[in-house]
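Trainee: got a predicted structure here, sequence first:
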Amino acid sequence: MKRYLLLFSLLSIAPCFGSKPKAKKVKVEALPPQERLFMLHEGYRIELSPKVLQGITAFEKVGCFNAKESCSISELPKLNLSSNGLTSLPAGTEALTNLQDLSLEDNQFTKVPRELAQLGLQRLVMDANRLVHVGPTLCGMTTLTSLHLDNNRLESLPRKIHNLGRLINLVVSHNNLTVLPDEMGALIALQVLIASNNEISGFPFGGINLAHCLRHLDLSRNRFTEIPDPLFHLVKLTFLNLSHNQLTAVPEPIGCLRALEELSLEHNAITKLPPNIRSLGQLKFLRLSHNRLTELPDTLCRLTKLERLFVAHNELTQLPENWSTLSALKELYISNNQLDSLPESLGTLKLEVLSLENNNFPRWLYVILALSEKGTVLP
């Protein structure tokens, strides 16, 4: 009995024989029905059952060639069906009993397919579809550790999302969300939450329960007018992005986030930083550009691990004096302010980038700095 190996462009094919075989292109329908058919996918030679074959014959065929080995389709761990215009799953998807990673990105799904509830998926990507609600099917997928629903039309997340107790990564950016459900606090394994580009204005009080798991939080480009109190309980955060909101102040409790390594507050309307910014001793990247700061607290110079500081496009008229303590600082962006002088201690730093343009400095200062071997000076 002859064997054929089929290559399907929609399945992110990676040939395992080195170079791609030069085979005559052929449609599946043209193959003798009694022949055994195989699919090559990321190093797996998968034998296709008639039921699965029915579901995929509508897709573009790349070619076929003889195969020497095979494995059961149930052994396939990863499948990429992105960019196929799908509104439903191919027939036979439920046969993929070992599937752990499924990408359905850039299709036309309006709901999460019910067939997925029969699989033990760990990672599901449904970015760039037409989802408005995700419904009970998703909440029954209790084995998920990573869920990507970016760039859909979601108006809310289900309250039963608390069923996804193993979830580590949740991405719901570029949707129409206005709130995050309080029940998210039950996601005690959650480490990464990305909910940028929505209409969110608050953080659920139940989010306090994420205090000992959440590491990465991106709420940029939303509707926040103040930093919600529950955020200050997230003491394990290493990354916080609240840029492109409507914040006017940074409250004192920001000092509770002592594990932060990167803080982004750019493109807001912040006028002042609290003195206890010094408590963020692990901070490496601080982004405060495009605000309304008129001064920086002296305590900023106690951030001894700070590597990059962005305070461009503010209203600064002077800088703190004791920059010599910022020995780790490599890049300083202070352009587009109202500065007319620099503190002498700035000269002790081994800066790689110093951005100064559009201030009130005398022209000779730019010349001296350009010749001082202090790295790249942007006048």
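Mentor: It's in.
Trainee: quick one: least confident helix or strand in this structure?
Mentor: Least confident helix or strand, the chain: strand 61-65 with a mean of 29, by mean pLDDT, DSSP states H and E.
Trainee: OK, contacts around residue 152?
Mentor: Contact analysis of residue 152 by Cβ atoms under 8 Å, 6 or more residues apart in numbering lists 126-132, 174-175. Every C-beta, even on glycine, is put in place using the N, C-alpha and C of the backbone.
Trainee: excluding its backbone neighbours, what's nearest it?
Mentor: Nearest in space to residue 152, with sequence neighbours left out and distances taken as Cβ to Cβ, 6 or more residues apart in numbering, is residue 131 at 4.0 Å.
Trainee: now residue 202
Mentor: Nearest residue to residue 202 in three dimensions, chain neighbours excluded: residue 228, at 5.5 Å (Cβ to Cβ, 6+ apart).
Trainee: state the pLDDT value of the one you found.
Mentor: For residue 228, the model assigns a pLDDT of 94.
Trainee: please report the number of neighbouring residues for residue 102.
Mentor: Using other Cβ atoms under 10 Å, residue 102 has 21 neighbouring residues.
Trainee: helix, strand or coil for it?
Mentor: strand (DSSP: H, G, I helix; E, B strand; the rest coil).
Trainee: roughly how far does it sit from residue 111?
Mentor: 15 Å (Cβ to Cβ, to the nearest Å).
Trainee: now residue 237
Mentor: 33 Å.
Trainee: look at these two and report which has more neighbours.
Mentor: Taking neighbours as other Cβ under 10 Å, residue 237 and residue 111 compare with residue 237 leading, 23 against 17.
Trainee: and the more buried one, what does it touch?
Mentor: Contacts of residue 237 by Cβ under 8 Å, 6+ apart are 214-217, 257, 259-260.
Trainee: make a markdown table out of those residues and add secondary structure and neighbour count.
Mentor: What follows is those, written out as a markdown table (DSSP: H, G, I helix; E, B strand; the rest coil; neighbours: other Cβ atoms under 10 Å):
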| residue | secondary structure | neighbour count |
| --- | --- | --- |
| 214 | coil | 26 |
| 215 | coil | 17 |
| 216 | strand | 17 |
| 217 | strand | 23 |
| 257 | coil | 21 |
| 259 | coil | 16 |
| 260 | coil | 24 |
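Trainee: tell me the one among those residues nearest to residue 310.
Mentor: residue 260 (15.2 Å; Cβ to Cβ).
Trainee: the closest one contacts residue 280, doesn't it?
Mentor: Yes - at 5.2 Å, residue 260 and residue 280 qualify as touching, with contact defined as Cβ atoms under 8 Å.
Trainee: coming back round to it: what's the residue nearest to residue 152 sitting at in phi/psi?
Mentor: As for residue 131, its main-chain torsions (degrees, to the nearest 10) stand at phi -70, psi 130.
Trainee: how near is it to residue 231?
Mentor: In this view, residue 131 and residue 231 are 27 Å apart by Cβ to Cβ.
Trainee: same question for residue 151.
Mentor: Distance of residue 151 to residue 231, given as Cβ to Cβ: 25 Å.
Trainee: same check, this time on residue 206
Mentor: Note on residue 206: its distance to residue 231, by Cβ to Cβ, is 13 Å.
Trainee: the two: which has the busier surroundings?
Mentor: Neighbours per residue (other Cβ under 10 Å) separate residue 206 from residue 231, with residue 231 holding more: 21 against 17.
Trainee: I'd guessed that one sits against residue 204; true?
Mentor: No - taking contacts as Cβ under 8 Å, residue 231 lies outside contact range of residue 204: 10.6 Å.
Trainee: in contact with the most centrally placed residue in the chain, which residues?
Mentor: Centroid-nearest residue in the chain, with Cα atoms, centre = their mean: residue 194, separated by 5.8 Å. Neighbouring residues of residue 194 by Cβ under 8 Å, 6+ apart: 150, 170-173, 216, 218.
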